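Enquirer: Turn this into a structure:
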Amino acid sequence: MKYVQICTGNDGDSYLADHTWPLVDGDFTPPSPAGYSVTDTMAATGVLMMHHPASYRDEWHCAPARVLGSVLTGSVRIQTSNGDARVLSPGDQFVAADLSGKGHKMEEVNGGAYDLALVVLDDLPDMLSGGEAK
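Expert: I've put the predicted structure just below:
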């Protein structure tokens, strides 16, 4: 299972890094049949749903907190200040961890509306801390 992480480099530019969740054999809902995998539990402060109307375009900004996001609807382009970009589709995940620097912006590639589910993480778990500076 993949995700894209938005990070801040030592030069203040944001950049994108592709990662894969480290998974172990599932035991979150015992007794469950074998064959599923889970991540370690991540501590979180809250969950919010975010709707962006058609033709909405972000301004350059840094993440206000470390956020785990999932695209619910739309095809969302994330662009970082170093010029990197990715298009995420429904079901794709990202971790916004660029709390300082020049930031990133997002928009729906076809000008339509898009929805995100966001989990505000208490801290960057060890499994995610490998992409803080470049």
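Enquirer: At the geometric centre of the chain, which residue do we find?
Expert: F94 (1.9 Å; Cα atoms, centre = their mean).
Enquirer: List the beta-bridge partners for that residue.
Expert: Taking DSSP bridges as the rule, F94 bridges to V4, G69.
Enquirer: swap in R57?
Expert: Listed by DSSP bridges, the beta-bridge partners for R57 are E107.
Enquirer: Distance check, it against P22.
Expert: Distance of R57 to P22, given as Cβ to Cβ, to the nearest Å: 34 Å. Placement of C-beta: from N, CA and C, glycine included.
Enquirer: of these two, who's got more company?
Expert: Just comparing R57 and P22: by other Cβ atoms under 10 Å the higher neighbour count belongs to P22, 13 against 10.
Enquirer: Can you classify that one as helix, strand or coil?
Expert: Three-state call for P22 (DSSP: H, G, I helix; E, B strand; the rest coil): coil.
Enquirer: my guess is it contacts T39, does it?
Expert: Yes - A contact is recorded between P22 and T39 when judged using Cβ atoms under 8 Å, the distance being 6.6 Å.
Enquirer: ok, the helix or strand bottoming out on mean pLDDT in the chain: who's next to it in the sheet?
Expert: Using mean pLDDT, DSSP states H and E, strand 24-25 stands out as the lowest-scoring helix or strand of the chain, at a mean of 86. Under the criterion DSSP bridges, strand 24-25 sits next to strand 37-38 (antiparallel) in its sheet.
Enquirer: For the partner strand, which outside residues touch it?
Expert: L23, V24, D25, G26, D27, F28 (Cβ atoms under 8 Å, 6 or more residues apart in numbering).
Enquirer: How about stretch 39-57?
Expert: The contact list for stretch 39-57 (Cβ under 8 Å, 6+ apart) reads 21-24, 65, 68, 72, 74, 105-108, 111-123, 125, 127.
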